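**Q** Fold the following, please.
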Amino acid sequence: MALSTSAESPIPVSEVSRLIRGWIDRLGAVWVEGQIVQLSPRPGAGIVFMTLRDPSREVSLSVTCFRQVYEQVKDVIGEGARVVVHAKPEWYEKTGRLSLRAAEIRPVGMGELLARLERLRKTLAAEGLFAAERKRPLPFLPQRIGLVTGRASDAERDVLHTARERWPAVRFEVRNTAVQGVYAVPQIIEALHELDARADVDVIIVTRGGGGMEDLLPFSDERLVRAVAAVRTPVVSAIGHEADAPLLDMVADLRSRTPTHAAKDTVPDVGEEHERVRGLRERAWRVINGLLEREERGLAEVMSRPAMADPHTMVADREEGIAALLDRSRRVLDHRLARAEDALEHTRARVVALSPAATLERGYAVLQREDGAVVRDAAEVAEGDRLRARVAGGEFGVAVGPHA
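**A** The predicted model follows:
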């Protein structure tokens with residue numbers, strides 16, 4: 001129920017603690033999973049104290065159990081072990097401390113961990129986080145490489161030494177984080193976000209050396225896998241040895257077998273590149289020389305032909321042909337002109353023969369009235385009309401006499 005209180009009528013600490021205990025006592029028992037980070041058996045008291053921590057978050061709870069509960073599993077659990085406990089929350093009024101009273105403890109076996117990882121793998125794969133089309137190519141020569149690894153670790157030394165041996169001018173931006181335990185996942189995610197925000201970082205390597213399966217569990221954490229899938233910068237995963245396969249390997253743009261191979265996969269070898277450039281230069285030289293030699297042979301073949309050896313011969317041959325064509329064209333043109341001239345003379349003779357002047361030459365005359373109209377019928381004129389008569393030698397006037 002709600003408490004009515006004020007500064008004038010405060011509630012004693014003991015009463016608040018008693019009320020909290022009453023609320024917590026009403027809670028039922030729960031199954032809790034975690035990692036034992038502290039284990040303190042108390043033989044004289046018959047009670048075992050332990051601290052249970054969330055493997056992926058900075059949260060822990062105190063757990064107590066009777067010695068007979070602990071005796072059943074003491075040979076298979078210890079500090080660092082993952083367990084599942086069936087416990088009821090308890091509140092200690094005098095100290096104001098919350099703990100769990102465990103009635104049963106079960107160790108989490110590797111088989112169960114593997115089964116959980118397999119279910120998570122299938123879920124993430126179904127979302128497409130491991131799809132090949134999402135993989136981004138690595139740059140040929142990164143401007144700067146982001147490196148996320150443990151502080152002063154063999155993995156860090158292997159990556160830096162191998163990369164600088166292959167390409168001495170390579171530059172790194174290193175972020176040292178926890179690589180196992182409860183702090184690993186949040187620190188690695190934070191380092192990823194910092195490096196991804198830098199425009200000069202072209203690729204990020206996440207690496208650590210080998211270890212047991214539980215040591216590598218942070219690299220199969222769902223939050224880390226999704227963080228890697230969300231960054232814009234290509235990510236290289238190099239976790240443990242070649243046989244190790246955390247989920248980070250599946251979501252990364254490239255999975256390297258070891259930290260040393262991560263450096264080799266990310267940084268080109270300057271000696272190999274020099275050799276490749278030398279080989280390409282030699283190949284280009286051979287191709288150009290071959291091309292020049294082929295062109296020289298072709299030019300020599302062309303120059304050895306008779307027409308090129310004595311170009312005047314070709315001109316002389318063409319000159320004779322042109323002269324023959326000119327002679328033939330002249331003959332054809334003369335023939336056509338002669339025919340045209342004959343036809344013209346014939347037409348001219350016909351025109352002359354049919355012309356009115358020729359008729360007048362034969363003694364005929366053309367009579368015209370004063371208005372110029374030609375007289376064609378005697379009925380068209382009357383006695384006394386004045387007409388003009390045109391003959392071959394000129395014209396003169398005439399008067400119309402009486403009709404016969």
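**Q** Any regions of the stretch 201-350 of the chain where pLDDT drops low?
**A** When the per-residue scores of the stretch 201-350 of the chain are filtered using pLDDT under 70, the ranges that remain are 242.
**Q** where do the strands sit along it?
**A** Remark: strands assigned in the stretch 201-350 of the chain by DSSP state E, counting those that start in this stretch are 203-208, 235-239, 254-255.
**Q** a markdown table for those strands, including mean neighbour count and distance to Arg283?
**A** Every residue, glycine included, has its C-beta placed from N, CA and C. As requested, the strands of the stretch 201-350 of the chain are exported to a markdown table (neighbours: other C-beta atoms under 10 Å; distance: least, C-beta to C-beta, whole Å):
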| stretch | mean neighbour count | distance to Arg283 |
| --- | --- | --- |
| strand 203-208 | 28 | 30 |
| strand 235-239 | 26 | 32 |
| strand 254-255 | 20 | 29 |
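**Q** I'd like the ones you listed written out as TSV, with distance to Ala263 added.
**A** As requested, the strands of the stretch 201-350 of the chain are exported to TSV (distance: least, C-beta to C-beta, whole Å):
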stretch	distance to Ala263
strand 203-208	8
strand 235-239	9
strand 254-255	12
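**Q** Quick one: neighbours of Trp285, just the number.
**A** Counted by other C-beta atoms under 10 Å, the residues lying close to Trp285 total 10.
**Q** Quick one: residues contacting it.
**A** Contacts here follow C-beta atoms under 8 Å, 6 or more residues apart in numbering; on that basis Trp285 touches nothing.
**Q** now it: how far from Gly271?
**A** Note on Trp285: its distance to Gly271, by C-beta to C-beta, to the nearest Å, is 21 Å.
**Q** what about Ile11, which SS state?
**A** When the structure is split into helix, strand and coil by DSSP: H, G, I helix; E, B strand; the rest coil, Ile11 lands in coil.
**Q** Can you get me a residue count around it?
**A** 12.
**Q** And stretch 118-135, what's buried?
**A** Going by neighbour count (16 or more other C-beta atoms under 10 Å), the buried part of stretch 118-135 is 121, 124, 129-130.
**Q** which residues touch that stretch?
**A** When contacts are defined by C-beta under 8 Å, 6+ apart, stretch 118-135 is touched by residues 220, 222, 225-226, 229, 247, 250-251, 253-254.
**Q** Give me the buried subset of these.
**A** Those of these that meet the buried threshold are 220, 225, 229, 247, 250-251, 253-254, by 16+ other C-beta under 10 Å.
**Q** I'd like those residues written out as a markdown table, with distance to Ser17 added.
**A** Compiled in a markdown table, the buried ones among the contacts of stretch 118-135 are given as follows (distance: C-beta to C-beta, whole Å):
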| residue | distance to Ser17 |
| --- | --- |
| Ser220 | 41 |
| Val225 | 43 |
| Ala229 | 47 |
| Leu247 | 44 |
| Met250 | 50 |
| Val251 | 48 |
| Asp253 | 54 |
| Leu254 | 56 |
